[in-house]
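Q: here are the coordinates; sequence isn't available:
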């Protein structure tokens with residue numbers, strides 16, 4: 001079965017929506033964030049990574065005939081195949097999602113905020129390459 005363009009477009013849209021929301025939330029100083037905004041940061045990172053992994057898993061299976069056994073492996077397979085240089089940044093996002101989902105009680109929201117403030121250049125580069133390779 002070939003890569004499904006609709007699946008790719010939907011996941012890419014989900015990722016970009018989460019990035020916009022994360023950027024909106026971090027447009028004000030951390031000390032001004034309420035508890036609901038801090039939880040929204042966490043949630044949007046989870047949504048972003050879930051969409052990213054879903055996108056990568058679909059491509060890995062349909063295009064490269066590889067079935068990833070972990071989230072990191074899904075990202076690695078596709079990022080390596082499309083020649084992305086910042087794979088470790090994507091892997092770090094996957095690791096952050098893992099912490100948010102499985103060890104949420106030890107999360108320091110200020111560190112999450114700082115990580116989000118850095119930017120999503122690698123994610124955007126990844127999405128652009130996926131679009132170039134599979135949607136054009």
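A: Alright, I've got the coordinates. What you see is a predicted model, and the numbers here were worked out from it, not measured in a lab.

Q: Downstream of the longest helix anywhere in the chain, the next helix or strand is which one?
A: Longest helix of the chain, by residue count under DSSP state H: helix 35-64. The helix or strand immediately downstream of helix 35-64 is helix 71-81, counting by DSSP states H and E.

Q: Can you spell out which helices and strands pack onto the next helix or strand after that following helix?
A: Note on helix 71-81: by DSSP H and E, the next helix or strand toward the C-terminus is helix 87-102. The contact analysis (3 or more Cβ pairs under 8 Å, 6 or more residues apart in numbering; DSSP states H and E) places helix 87-102 against helix 35-64, helix 71-81, helix 109-118, helix 121-134. C-beta: built from backbone N, CA, C; applies to glycine.

Q: To residue 16, which of the ones you listed lies closest?
A: Nearest to residue 16 among the helices and strands packed on helix 87-102 is helix 121-134 (7.2 Å), distances taken as Cβ to Cβ.

Q: Please list the residues outside the closest one that contact it.
A: The contact list for helix 121-134, computed with Cβ atoms under 8 Å, 6 or more residues apart in numbering, reads 3, 5, 8, 12, 15-16, 19, 48, 52, 55, 59, 63, 78-79, 82-84, 86, 89-90, 93.

Q: Next, format the helices and strands packed on helix 87-102 as CSV and append distance to residue 103, mean neighbour count and mean pLDDT.
A: Shown next, in CSV, are those (distance: least, Cβ to Cβ, whole Å; neighbours: other Cβ atoms under 10 Å; pLDDT from 0 to 100):
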stretch, distance to residue 103, mean neighbour count, mean pLDDT
helix 35-64, 12, 18, 97
helix 71-81, 15, 21, 98
helix 109-118, 13, 15, 90
helix 121-134, 23, 17, 97
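
Q: Contacts only, for the most centrally placed residue in the chain.
A: In the chain, the residue lying closest to the centroid (Cα atoms, centre = their mean) is residue 49, at 3.4 Å. Contacts for residue 49 (Cβ under 8 Å, 6+ apart) come out as 71, 93-94, 96-97.

Q: can you tell me which two in these are farthest apart?
A: Across the contacts of residue 49 (Cβ to Cβ), the longest gap, 11.1 Å, separates 71 and 96.
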